[in-house]
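Novice: quick check, what structure comes out for this input:
(one chain, ligands or ions: 1)
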Amino acid sequence: MLIDSHVHLQDKKLISDLPNILANAKAAEVDYMVCIGYDYASSCQAVNLARKYDQVYAVIGVHPHDASTLDEKTLSELYTLAKETKVVAIGETGLDYYRNLSPQDQQKKAFIDQIHLAKELYKPIVIHDRDAHQDVLDIIKKEKAGVNQGIMHCFSGHLPLAVEMMQQNFYISFAGPITYKNAKKTHEGAAKITMDRILVETDCPYLSPEPLRGKRNEPANVRYVAAKLAELRHKSLSEIGYLTSRNSKQVFRITD
Ligand code: NI
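Specialist: I've put the predicted structure just below:
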């Protein structure tokens, strides 16, 4: 079994072909997928998909790119939406200093507001960090964001950051870049990070793994991420599937 811990099924590239995508995932033994919001509308879509499909869970929140859309009204709407039974975390939130699509002060405010929301709801938090390691870590420590655990999504290959994040109660999720030949740091991290903190994800429709780079990504492809992890850890694919699924269920409190 496999769990894809980070998908964006509501993206127009995927939603238009959803029956095929879910069938492909089933054929690839992907038992569950966690659909992540990036603004209020996409969070509502994630919840609707979770209501409709047993194998889909929802994470609701506002991405750093969209941080400027997180006003008081949206925060209270997210609070209400989080009461849905299959909302398993808050996110994705964090900081993105690579694209800076929202001003950095707004990104920080939205990040802190969502940490407070997650703490109020006793839910874990899903973190997006791009080129903002120190600020992400400083905020997580100051706000004690890991009190209900959380996930550092799409591990960047920066092992010291992963170690500090694990000390703050976070899990580390690997995505398509682990399959890239030149991703030496990601490979080193995958070999060293303690196995009981590792998750796998596709971040679909983005970040297709080898040998599918350049094509649309989908949850079935999480098996390429898991297979590369199996190679790096000298384990079988089924062991990796079991361990990463167990970790996903723990952090998202999925019981079945
Ligand atoms: Ni994402």
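
Novice: neighbours of A183, how many?
Specialist: 18 (other CB atoms under 10 Å). Quick note: C-beta positions are derived from backbone N, CA and C, even for glycine.

Novice: let me see the backbone angles for it.
Specialist: phi -90, psi 60 (degrees, to the nearest 10).

Novice: do F155 as well
Specialist: Torsion angles, degrees, to the nearest 10, at F155: phi -50, psi 130.

Novice: can you give me the strands for this structure?
Specialist: 2-7, 30-36, 56-60, 87-96, 125-130, 150-152, 170-174, 198-200 (DSSP state E).

Novice: tell me the helices in the stretch 101-250 of the chain, going along the chain?
Specialist: In the stretch 101-250 of the chain, the segments counted as helices under DSSP state H, counting those that start in this stretch are 104-120, 133-143, 159-167, 184-192, 222-233, 237-252.

Novice: ok, and what's touching the last one?
Specialist: Judged by CB atoms under 8 Å, 6 or more residues apart in numbering, the contacts made with helix 237-252 from elsewhere in the structure are 1-3, 5, 29, 31-32, 34, 57, 88-89, 124, 149-151, 171, 195-200, 223, 226-227, 229-230, 233, 235, 254-256.

Novice: then the fourth one?
Specialist: Surrounding helix 184-192, the residues in contact under the criterion CB under 8 Å, 6+ apart are 155-159, 162, 172, 174, 177-178, 180, 198, 228-229, 232-233.

Novice: what is the rounded mean pLDDT of that helix?
Specialist: Averaging pLDDT along helix 184-192 yields 94.

Novice: same check on the fifth one?
Specialist: Over the span of helix 222-233, the pLDDT mean works out to 97.

Novice: contacts only, for R253.
Specialist: Counting by CB under 8 Å, 6+ apart, R253 has contacts V88.
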